[in-house]
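1. quick one: sequence and predicted model below, then my questions.
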Amino acid sequence: MPKQKTHKGIRKRIKITARGKVMRTKAGKSHLMTGTSAKKSRSKRRMMLASGKDIRLLKRELFAG
């Protein structure tokens, strides 16, 4: 049986911390940012922790199994 492959799109978008938490990028910063405040723009640069059921789904796709 062939090995399962890692989902490449998820691999580029999330990071796993040393303790196993899942960090994801914030949404809504690709375009149409002219009307937003500088404070909101700066806060979207950082990654945030994924929550709830998303963690299980993301890890399953990332580690393929």
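-> Everything's here; your move.
2. can you tell me the centre-most residue of this structure?
-> The C-alpha lying nearest the average C-alpha coordinate of the chain belongs to residue 24 (C-alpha atoms, centre = their mean; 2.5 Å).
3. what's the longest helix in the protein?
-> Ranked by number of residues, the top helix in the chain under DSSP state H is helix 53-63.
4. export that one to CSV, keeping only CA atoms.
-> What follows is the C-alpha trace of helix 53-63 in CSV, where atoms were taken according to Å, rounded to 0.1, in the frame of the first residue of the first chain:
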residue,chain,number,x,y,z
LYS,A,53,-12.0,20.8,15.8
ASP,A,54,-9.7,22.7,13.3
ILE,A,55,-6.7,21.4,15.1
ARG,A,56,-7.6,17.8,14.7
LEU,A,57,-8.4,18.3,11.0
LEU,A,58,-5.3,20.3,10.2
LYS,A,59,-3.0,17.8,11.9
ARG,A,60,-4.6,14.9,10.1
GLU,A,61,-4.0,16.6,6.7
LEU,A,62,-0.5,17.7,7.6
PHE,A,63,0.7,14.4,8.9
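5. ok now that helix, how far from the chain's centre?
-> For helix 53-63, the separation from the chain centroid amounts to 10 Å (computed by C-alpha atoms, centre = their mean, to the nearest Å).
6. isn't residue 33 up against residue 42?
-> No - distance between residue 33 and residue 42: 11.3 Å, which falls outside the contact criterion (C-beta atoms under 8 Å). The C-beta positions use only the backbone N, C-alpha and C, and glycine is treated the same way.
7. tell me which of those two has more neighbours.
-> Using other C-beta atoms under 10 Å, the more surrounded residue of residue 33 and residue 42 is residue 33, with 12 against 9.
8. which SS class is the more buried one?
-> Counting by DSSP: H, G, I helix; E, B strand; the rest coil, the backbone at residue 33 sits in coil.
9. which ones are touching it?
-> Residues in contact with residue 33 (C-beta atoms under 8 Å, 6 or more residues apart in numbering) are residue 41.
10. having no further points to raise, I will conclude here.
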